[in-house]
Every structure is written in structure tokens, then in C-alpha cells.
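Asks: Predicted coordinates and the sequence they were generated for:
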Amino acid sequence: MRVFVGINIPKKQRTRVHRAVRDLREGDLPVRWIEPDSFHITLKFLGEVRPGRIPVIEEALERVATGTRSFTTTLAGFGGFPTVRHPDVIWIGARASSEFRCMKQELEWALGDVGFRAETRAFHPHITLGRAHEARGAGVFRGLDTVLADLDLEVEVKVRTIDLMRSQLSPGDARYSVLSRARLASA
């Protein structure tokens, strides 16, 4: 099964983010917009994992969670990967506080101990809001940088758990479900 470790966002905050990009969603961009029920921050993509390995992953997540105090992050700042002028993904960022970065590093070490390769890219926590269609013309995203810069939203999110998530791909989208949840200390 296809799994990843993530942070799920409470409904109230998902709704605020979804409303903030309403005009963008209703525009004429070649983007498949993500439903707010699927908004999450991916901490680590694990890929295809045999069901028998899930308990070992859950134990690693539990070790990280018990050693990490709950913390608050702020969702703010919109952008695109790899660039805003030619994005594959449109996102809202999550501020990577020292607590957030430490948790991510502990997660990398714990999962490395059970056989998962460490992430080498810089950590840029975000929520994917939409994915650009592959067939798109040159200049179709002209002006998107200005539109995203004008979006004004800051939403605080209390991080209380890290979740082992299953991703089931289907034509047009992916469905996510929580396999298990590890509660952070003092949460």
C-alpha cells in the first residue's frame, strides 16, 4: 500500500484556507484543485509499503511523538513548485518553527532506523491546494505571482498528532485515510 506521514489540518482551518483561494479556484487556470478534506502537510512520503511493515513504522512514529511536545504552526504565504510562473503545484506554506524542524529531523532518524532513506531536499512544509494539468500553454500562469502575493491569510494550527496515512490513487485524484495516529507529548 502507498503510505506517507503527515499532519492533518482541523476542519475550521481547512475551510478558511479553501475560502481564501475561492477566486483563484473559480478562475480559468488549468489546475485540478484539491478538496479541503484532503488538505494535509506531508512530512515524509514512504511509497509502497508491505502491510507487514506498518507496525514497525507505527512504533517509529510513536517514539517521535512521545519525544515531541505539541506546537503551533502558521499557515501563510502562497506559492508554486517548482516556480510560480510555471507551477506543477500551488500551495500555502506552513512556517517551519524550530519545534517543527526538530520533529521532522527526529522523524527522518526514526524512519531511517527502520530502513527508509533520509530526505535530502530542504524541508518546505506546505499544503497542496492544486496541481496543474500537464497540457498547458506557455504564459497561462502569467500574473499568478501577483495574485498569490495579494492573498492575505494567516491561520494558526495546533499540531497535536502525526499521522500514518494511506494514499489511494484513482483517475483524477487521490483519497487519503488515516491508518494510525501518534499523539504528541502534552497534546
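Replies: Okay, I see it. Residues are numbered from 1 along each chain as shown.
Asks: so where's the chain shaky on pLDDT?
Replies: Where the chain drops to pLDDT under 70, the residues are 135, 137, 187.
Asks: what helix or strand is the spatially most central residue of it on?
Replies: Geometric centre of the chain, nearest residue: I41, 2.2 Å, by Cα atoms, centre = their mean. Take DSSP states H and E as the rule and I41 turns out to sit in strand 40-48.
Asks: Show the subsequent helix or strand relative to that strand.
Replies: helix 54-66.
Asks: Not counting its own residues, what contacts that next one?
Replies: Under the criterion Cβ atoms under 8 Å, 6 or more residues apart in numbering, residues 3, 5, 46, 49, 103, 106-107, 110-111, 113-114, 161-162, 164, 179-180, 182-185 lie in contact with helix 54-66. The way it works is simple: take the backbone N, C-alpha and C, and place the C-beta from them, glycine included.
Asks: can you tell me how far the nearest residue to A60 once chain neighbours are set aside sits from V17?
Replies: Counting by Cβ to Cβ, 6 or more residues apart in numbering, A60 lies nearest to A110, which is 4.0 Å off, once chain neighbours are set aside. Using Cβ to Cβ, to the nearest Å, A110 is found at 29 Å from V17.
Asks: And the strands in the chain?
Replies: 2-8, 31-33, 40-48, 71-81, 89-94, 126-132, 154-159, 161-170, 173-183 (DSSP state E).
Asks: want to try TSV for those, with distance to V56 as columns?
Replies: Shown next, in TSV, are the strands of the chain (distance: least, Cβ to Cβ, whole Å):
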stretch	distance to V56
strand 2-8	12
strand 31-33	34
strand 40-48	11
strand 71-81	26
strand 89-94	27
strand 126-132	28
strand 154-159	23
strand 161-170	11
strand 173-183	12
